Structures are given as C-alpha cells and as structure tokens.
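1. Just a sequence and a predicted model for now, questions to come.
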Amino acid sequence: MGNHQSLISFAQLKHTLIILMADNAKIILEGNEYELPVFTGSEGEKAIDISDLRAKTGYITLDIGYKNTGATTSGITFLDGEEGILRHRGYSIEDLAAKASFLEVAYLLLNGELPTRQQFDDFDNAIREHTLVNEGLEGMFKAFPTGSHPMGQLNSMISALGLFYPKSLNPNRPEDAINRTVLRLLAKMPTICAMIYKKRSGHPIIYPKNNLDYVSNYLNMTFAQVTMDHYQPDPVIVDAMNKLLILHADHEQNCSASTVRMVGSSQSNLYSSIAAGIAALWGPLHGGANQEVLEMLELIRQDGGDVQKWVNKAKDKNDNFRLMGFGHRVYKNFDPRAKIIKKTCDDVLNKLGVHDPVLEIAKKLEETALTDPYFVERKLYPNVDFYSGIIYRAIGFPTDFFTVLFALGRLPGWISQWQEMRREKQPIARPRQIYTGEVPRNFKFMQDR
Ligand code: SDX
C-alpha cells in the first residue's frame, strides 16, 4: 500500500466489499481481504471497530458530520432514534421527568445510580456550600456591551470562573479534588445564570439562599427583587423548571457534548471544556434553536398566522427558511422530550392562566408538517426545542435567554461525559482528513508572478 492515504467513503463503495458477520467484518480492498472486529453494545447496537483500519489497509473512512461514526462507547445515555427512546443510566426519560428532581438526575448521570436519601442530602448540602461566586467575577459585566447575548456572557463567565481556582486547571488531580470542581460548577452555574439575567435589566444581584432547593434558589435569584420582603416561587413554575432541566440534562454525543469531550481530551480543565460546550450549544442548529423557534412563531403570528405558507417555505430548496425545532440527527420518530414538553406546556399555561397565541400556531404548525409528505418522508418531527421556549416565555424569561436555560440543564450531562472520557483515559481526539488541495508546486518570487 503506497504511503498516500486512501479512503473508504461509505457513500461511494465501488472497489470495496464489506461483509458483516456476527463478530467481525470482512473488507475486500483491491483484492486483499481484511477482518475488522464488530463491537456490540448493551442495547444491541453494532459498530465496525476501525481502530486499526489505516495500519492494516492504508485507508481511512470519511464521514463528514460524523453521521455514521461513533466517537466513543458510553454508559451514560441511550437513544433509539427510530423508536423515540431516551434513557439515562437505564431509566426512561418519562420516568425521570415524572418522578425525579433535577438534582437527583444530575446525581444519576454523574454517579451511575439514583441516590439514596443520605447520598442525595450529602450531594445537595455539598452544592449549597458552593453557591456563592467570587465578587471579582461581577467585574466582568463592566466589559460586556449592554444588551449583549447572554450565551456569550455565560461562555466568558464559566471560562473565567476557572481562573479563580488555579489548582483546578490541572484535570489530573485526585478524584476528590475533581469532585470539588464538579460541585462548584453545579452550584455556581445557577448563580451566574441569575447574575446575567439581573445585570441585563440593570437590577441588583440577588444572592443565593441556601435554605432553598436547587431550582427554587435559581428562580429566587432570578425573579426576586431587593425591594421584595419575600419571594415565593410558584410551585407550578418550580415543577416545570425541574422537568425542563431534566429533559435537557444529557443527550449522548450531541454537538456540544462531543465538543466538551474533545476539548477535555487535550487535558484542558473542566471549566474551559464546559465553556466550549456552551459555545457549541449556542448555535441555532443546536441549543440555539429554542430561541429561533419562538422568533419563528412570532414571525408567523405577525405575518397573519398562515402556517401553510411557512411550511411551504421550509420545503423550498431555494429558500433558506427552516422549520426551527423540527428534525433531528438521531430521532427519526417523535423526540420523547418534545412529547413531555408539549404536555407540560399545556399544563403550565393553563395553571398560570397564560394564553400565548404562538402556542396555537405551534400546534397548527406541527399538525400541518406531520401530514406533509416532505416532512413525513424525511422523518422530521418536533424536537426538544419546539415547545420549550413557550414555557420559558410563560415563566417570564426573554427569548434570547432560552439557550442559557438549556445550558443550565445540560451541565450535569456535559460533566458526566467529560468524567467518562477522563476516567477511561481516552487519547486526545484528533480526526484524520483527506487532502484535496494543490499538489506540490515551486515557489515564485513576487516579481515573477
Ligand atoms: C438539538 O444531537 C442532539 O442530540 C441535539 C439535541 C440535544 O439534546 O443535544 O437534541 C438538541 O440540537 C435539537 C435540534 C435543534 N435544531 C433545530 O431544530 C434546527 C432545525 N433542524 C435542523 O436544521 C436539522 O433537522 C438538524 C440540524 C437538527 C439535523 O440535521 P441533519 O441530521 O444534518 O439533517 P439534514 O440537515 O441533512 O436534513 C435532512 C433533510 C434535508 O433535506 P434533503 O437534502 O434530504 O432534501 O431534511 C431536511 C434537510 O433540508 N430538513 C429540514 C429540517 N431539518 C432537516 N427541512 C426543513 N426544516 C427543518 N427543520
């Protein structure tokens, strides 16, 4: 095999034959036969292990966007996109959303088991000890342009948070030191999210109250005012927020979780790995979609609510418009989270006595799209972002704050993914490529060009 690098593009298998057997795959390349092991996961998922493909054949694989490529094994979350199944450490998302608190689910993701009462109390109390942030961090708000996007602020704040704990910048410290960093991040993220919310409205920051549970504390720091004697978060809102944070807690190797793992694989510290995940989540094709959905629904409402017109635009290849909150790389059935959020949406708006006209538009949009062959053929269903923003708005959050709430929910998932990658001592992530640029040519001085 020459020293050039060839590739197997699964989309263009011409001179290649892949034969899959129970526990290995045979590849016949240019008349030579190679065996590659087949890996089977605990839910029966199968992969061809190509760890030594290049050493054996000189070929690499090419899979832009990793649509068919597994970057790791993982025991945290299982998705079945065809069946619309989501489980965390073996527990269904339906059970967790209905029966657990967000902090219980965070413990489950991080430790692999649901906590006993004692374990939960220890975890909860340890977090309460770390809810304050260094006053120096507040100085960062002087640098942020007024009205700048909360996700940009959150990204900067979490990266800066690590600078206040220089020892934590070494990710190879003993487990107890790493766990202290994990607790700090879990404890300070709500405080920082609330600080960002307060600063954008020019109001004084509300400090954490450690007699409140995790979600109530976050709502109190966000919506209480210094002028209030007492703020009692509405139990309907506390329950809805718990559910929403659980539904966003982890989602296996999505774009932001893979980013956290990739940055962490260089032995970068946890704060900078999480900040990188926040940056990836911000994108409108990922977590930023929840903001885009509300803006899209508002646009349709202001345009007179002609849902079919906008569904047609989403189908038109010459039109850049996409139905935000629809479609998913993995789910080719209903996103189970979207089903739960849709029901929560009805409950919360009814209990709060809120009538939001965009909810009716969302439902009409869903009905129209789900009967349209374009969406049916492509198996495009509402995803987690389609209804979540309607609830966030009913609770009182501004649209550009929705993705901050997604990040608040996703934090324990990101940390769990980073921990798993680190504990398994995975190598630095460094994908290959196929070069398609200029072949060697001689340099010419400027006067000769
Ligand atoms: C999240 O990965 C995760 O797990 C993410 C997440 C998590 O919890 O971490 O679930 C959270 O990010 C949910 C997704 C939020 N994003 C959006 O709602 C943005 C709108 N949706 C898309 O842009 C799109 O569906 C993606 C990005 C979600 C998935 O894109 P893929 O898998 O790369 O699919 P694709 O873009 O190749 O689309 C396949 C076809 C294309 O048409 P054809 O070229 O076959 O003719 O479906 C079409 C696309 O044009 N299509 C859409 C569409 N989504 C896909 N057409 C109109 N509207 C859409 N929303």
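-> Perfect, thanks for sending it. None of the values given here were measured: they were computed from a predicted structure. Numbering: from 1, shown residues only.
2. So what touches the longest strand along the chain?
-> When the chain is parsed with DSSP state E, its longest strand is strand 32-40. Residues outside strand 32-40 that contact it (C-beta atoms under 8 Å, 6 or more residues apart in numbering): 20-28, 46-50, 53, 56-57, 73. From N, CA and C alone the C-beta is placed, and that goes for glycine too.
3. which element follows it toward the C-terminus?
-> Toward the C-terminus, strand 32-40 is succeeded by strand 46-48 as the next helix or strand (DSSP states H and E).
4. longest single helix anywhere in this protein?
-> helix 175-200 (DSSP state H).
5. How about the longest strand of the chain, which residues are buried there?
-> Residues 34, 36 are the ones in strand 32-40 that count as buried (16 or more other C-beta atoms under 10 Å).
6. Show me what it pairs with in its sheet, parallel or antiparallel.
-> strand 24-29 (antiparallel), strand 46-48 (antiparallel) (DSSP bridges).
7. pLDDT of that strand, averaged?
-> For strand 32-40, the mean pLDDT works out to 96.
8. For residue 443, see how far away residue 216 is.
-> 67 Å (C-beta to C-beta, to the nearest Å).
9. Settle it for me: which of these two has more neighbours?
-> Under the criterion of other C-beta atoms under 10 Å, the comparison of residue 216 against residue 443 puts residue 216 first, with 19 against 6.
10. any idea which helix or strand carries that one?
-> Per DSSP H and E: helix 214-223 holds residue 216.
11. tell me what that helix is packed against?
-> helix 102-111, helix 175-200, helix 235-247 (3 or more C-beta pairs under 8 Å, 6 or more residues apart in numbering; DSSP states H and E).
12. could you dump those helices to a markdown table with distance to the ligand, mean neighbour count and mean pLDDT?
-> Shown next, in a markdown table, are the helices and strands packed on helix 214-223 (distance: least, C-beta to the nearest ligand atom, whole Å; neighbours: other C-beta atoms under 10 Å; pLDDT from 0 to 100):
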| stretch | distance to the ligand | mean neighbour count | mean pLDDT |
| --- | --- | --- | --- |
| helix 102-111 | 13 | 22 | 98 |
| helix 175-200 | 17 | 20 | 96 |
| helix 235-247 | 9 | 22 | 96 |
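13. For the ligand, what is the nearest residue in this protein?
-> Residue of the chain nearest the ligand, by C-beta to the nearest ligand atom: residue 327 (2.3 Å).
14. number of nearby residues for residue 417?
-> 30.
15. so what's the closest residue to it other than its chain neighbours up against?
-> Leaving aside its sequence neighbours, residue 417 sits nearest to residue 257 (C-beta to C-beta, 6 or more residues apart in numbering; 4.7 Å). Applying C-beta under 8 Å, 6+ apart to residue 257 gives the contacts 250-251, 277, 410, 413-414, 417.
16. if you set the cut-off to 10 Å instead, what comes out?
-> Residue 257 makes contacts with 74, 76-77, 250-251, 277, 280-281, 410, 413-414, 416-418, 421, as judged by C-beta atoms under 10 Å, 6 or more residues apart in numbering.
17. residues in this protein within reach of the ligand, list them.
-> Contacts of the chain with the ligand, taken as C-beta under 6 Å from any ligand atom, map to 251, 254, 285-287, 289, 314, 322-330, 378, 380, 383-385.
18. Could you turn the buried ones of those into a ChimeraX selection?
-> Per 16+ other C-beta under 10 Å, the buried members of these correspond to this ChimeraX selection:
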select :251,254,286,287,289,314,322,323,324,325,326,327,328,330,380,383,384,385
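19. In the chain, what helix or strand scores lowest on average pLDDT?
-> strand 6-9 (a mean of 48; mean pLDDT, DSSP states H and E).
20. Which helix or strand contains the residue nearest to the spatial centre of the chain?
-> Nearest to the geometric centre of the chain sits residue 256, at 5.1 Å (C-alpha atoms, centre = their mean). Using DSSP H and E, residue 256 sits within helix 255-264.
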